[in-house]
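Asks: 3D model of this:
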Amino acid sequence: MPNKPTYSNSNKKNGFVILSILALMVVLFIKSRGISNTQHQLLINKNAALVNLDYLTKNTLLELKSGLELNFDNLVAHQKVISKLVNNYFQGVDIETQKILSPYLRALVKSINHREVSIETFKSHQAIFNNSNRYIQFLSRKVKKQVQLPNKNNIVLVDSINHLLFSIIESERDDHQMQLAINEIS
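Replies: Residues are numbered from 1 along each chain as shown. Here you go, the predicted structure:
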C-alpha cells in the first residue's frame, strides 16, 4: 500500500489562511481601482477648462475696470460657458465617482453663484460710473458754456468729480451713502 499523505490540521489552517488572504487581496484590488483612465482624463479636461475660464473672466473684469473693454459681452459669455460646464460636469462619469465628487461640486457651484452675484454688482456699479462719467462731462460742457471758466479750471473740476465718483463706486458704499455723495456734488 502506498503511503497516503496526511494533512494535519495546521496545514489545513495554513491553506485556509493563504486562500483567505488571496481572496481579500482580490477584493481590495477591485475596490481600490478608483475611476477609469477615460473618466479621469475627462474630469481633468473639465477642470482645466474651468481654470481657463476663471482666468478669462478675471482678465475681462480687469479690462472692464480699466476701461480697455467697453461692454460686458465677453464677461457674460464666459459666465454662460462656466454654468454650462458645471451643469454637465458629471456627464460621462459613473455614479460612484459622482457620489465622491458631489460635495466638491456643490462647493464649486456655491462659489460660482457668489461670483455671479459679485459680477452683477460690479456690472451695475460700472454702468452707474460710466453713465455718471458721461453725464458729468455733459454737465461740465454746459457749465463751461454758461460760466466761461478757463479750460484749466474746468479740467480740474471734472477730474475732481470723476475721482469722487470713482472712489464712491470702488468703496461699494450702499445706495443711500452714494445718493448723499451725489447730492453733495450737486
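
Asks: middle-most residue in this structure, spatially?
Replies: Closest to where the C-alpha atoms of the chain average out (CA atoms, centre = their mean) is residue 112, at 4.6 Å.

Asks: That one is in contact with residue 86, isn't it?
Replies: Yes - applying CB atoms under 8 Å as the test, residue 112 and residue 86 come out as touching, 6.3 Å apart. No exception for glycine: its C-beta is placed from N, CA and C like everyone else's.

Asks: picking that back up, check the offset of the helix or strand harbouring the residue nearest to the centre of the chain from the chain's centre.
Replies: Assessed by DSSP states H and E, residue 112 sits inside helix 95-147. From the chain centre to the centre of helix 95-147 is a distance of 13 Å (CA atoms, centre = their mean, to the nearest Å).

Asks: Against which helices or strands is it packed?
Replies: Applying 3 or more CB pairs under 8 Å, 6 or more residues apart in numbering; DSSP states H and E, we find helix 95-147 packed against helix 37-66, helix 73-87, helix 151-170.

Asks: elements contacting the first one?
Replies: In this structure, helix 37-66 makes packing contacts with helix 73-87, helix 95-147, judged by 3+ CB pairs under 8 Å, 6+ apart.

Asks: now do the shortest one
Replies: In terms of contact count using 3+ CB pairs under 8 Å, 6+ apart, helix 73-87 is assigned the packing partners helix 37-66, helix 95-147.

Asks: Format these as JSON lines; extra columns: distance to residue 72.
Replies: Formatted as JSON lines, the helices and strands packed on helix 73-87 follow (distance: least, CB to CB, whole Å):
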{"stretch": "helix 37-66", "distance to residue 72": "7"}
{"stretch": "helix 95-147", "distance to residue 72": "6"}
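
Asks: Select from the ones you listed the stretch with the lowest mean pLDDT.
Replies: Lowest mean pLDDT within those: helix 95-147, at a mean of 83.

Asks: who touches residue 35 in this structure?
Replies: 43, 93, 94, 96, 97 (CB atoms under 8 Å, 6 or more residues apart in numbering).

Asks: Among these, which pair sits farthest apart?
Replies: Farthest pair in the contacts of residue 35 (CB to CB) is 43 and 96. Separation: 13.1 Å.

Asks: more crowded one of these two?
Replies: It is residue 43, of residue 43 and residue 96, that has more neighbours when counted by other CB atoms under 10 Å, with 17 against 10.

Asks: give me the number of residues near residue 119?
Replies: The burial count for residue 119: 19, using other CB under 10 Å.

Asks: Please verify my assumption that it contacts residue 61.
Replies: Yes - Residue 119 lies in contact with residue 61 (CB under 8 Å); the separation is 7.4 Å.

Asks: Now do the shared contacts for these two.
Replies: In contact with both residue 119 and residue 61: residue 75, using CB under 8 Å, 6+ apart.

Asks: Let me know the angle separating the helix holding residue 112 from helix 73-87.
Replies: Calculated by axes from the mean of the first three to the mean of the last three CA atoms, to 10 degrees, helix 95-147 forms an angle of 160 degrees with helix 73-87.

Asks: Right, I'll leave it there.
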